[in-house]
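Undergrad: Turn this into a structure:
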Amino acid sequence: MPTRVTPASSAGTAPTRTLSTRPARNTTGEPPPPPDQAAEPAPSTYTVLHDPEGLIEEQLPLDRHPYESLVKAVLTWTTQDTLTNCDYQQIALQLTGHARAVASDVRRQADRLPKGTGPRALAELVLQETDRCLTTPLCGTARCAQDRARAVRALYERLDRLDAALASEGTSGVAPTGG
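TA: Numbers count the residues shown, from 1 in each chain. Modelled structure (predicted):
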């Protein structure tokens, strides 16, 4: 499951400050230190949250629009489009991580429906197909990236249908998870 990163200020903790032991100005008359030693790195303003149960994750909406745009671009590739194998692999890796996050949302929404209902059964099929796709090894090919793009597209379609099914049943106590 991908780890989601949240700004520290929204996580309820103040950013930390680092104090420098270097004097504010050079009073010794010596030349200043080289740039790589002159300043300490800025403190991180983000906190990585470890949430193995997914309790925080379900409250954070996915950033849907950039991934839908990436999926659309990847699925329009033709045989004349050539990227390096590393580029194809990086895109496939990015789509794999996002597909896992969307699959978690689909699973969570499907679990809210009664067993044996059509929308839940279809969600389970899409999740099985996605799991099969994502467990195949990454290749540096357009086909590999396109397979993962199709998985993300199918997951978003299923998530939208699950949200609609939950809304029609009146059991949706949570706002739809898409962006």
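Undergrad: Not counting the helix or strand hosting residue 122 itself, show me its contacts.
TA: Element membership for residue 122, per DSSP states H and E: helix 118-135. The contact list for helix 118-135 (CB atoms under 8 Å, 6 or more residues apart in numbering) reads 96, 99-100, 103, 106-107, 109-110, 113-114, 147-148, 150-151, 154-155, 158, 161-162, 165. Where C-beta positions appear, they are placed from N, C-alpha and C, glycine not excepted.
Undergrad: List the buried residues for it?
TA: 119-120, 122-123, 126-127, 130, 133-134 (16 or more other CB atoms under 10 Å).
Undergrad: Residue 138 looks like it's in a helix, true?
TA: No - applying DSSP: H, G, I helix; E, B strand; the rest coil, one finds residue 138 to be coil, outside a helix.
Undergrad: ok, it touching residue 94?
TA: No - if you go by CB atoms under 8 Å, residue 138 and residue 94 don't touch, sitting 10.8 Å apart.
Undergrad: Check the contacts of helix 118-135 for burial and list the buried ones.
TA: Here, 16+ other CB under 10 Å leaves 96, 99-100, 103, 106, 109-110, 113, 147-148, 150-151, 154-155, 158, 161-162, 165 buried among these.
Undergrad: Need the buried residues of helix 118-135 in a markdown table (columns: distance to residue 86).
TA: Output for the buried residues of helix 118-135, formatted as a markdown table (distance: CB to CB, whole Å):
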| residue | distance to residue 86 |
| --- | --- |
| 119 | 39 |
| 120 | 39 |
| 122 | 36 |
| 123 | 34 |
| 126 | 30 |
| 127 | 30 |
| 130 | 24 |
| 133 | 21 |
| 134 | 20 |
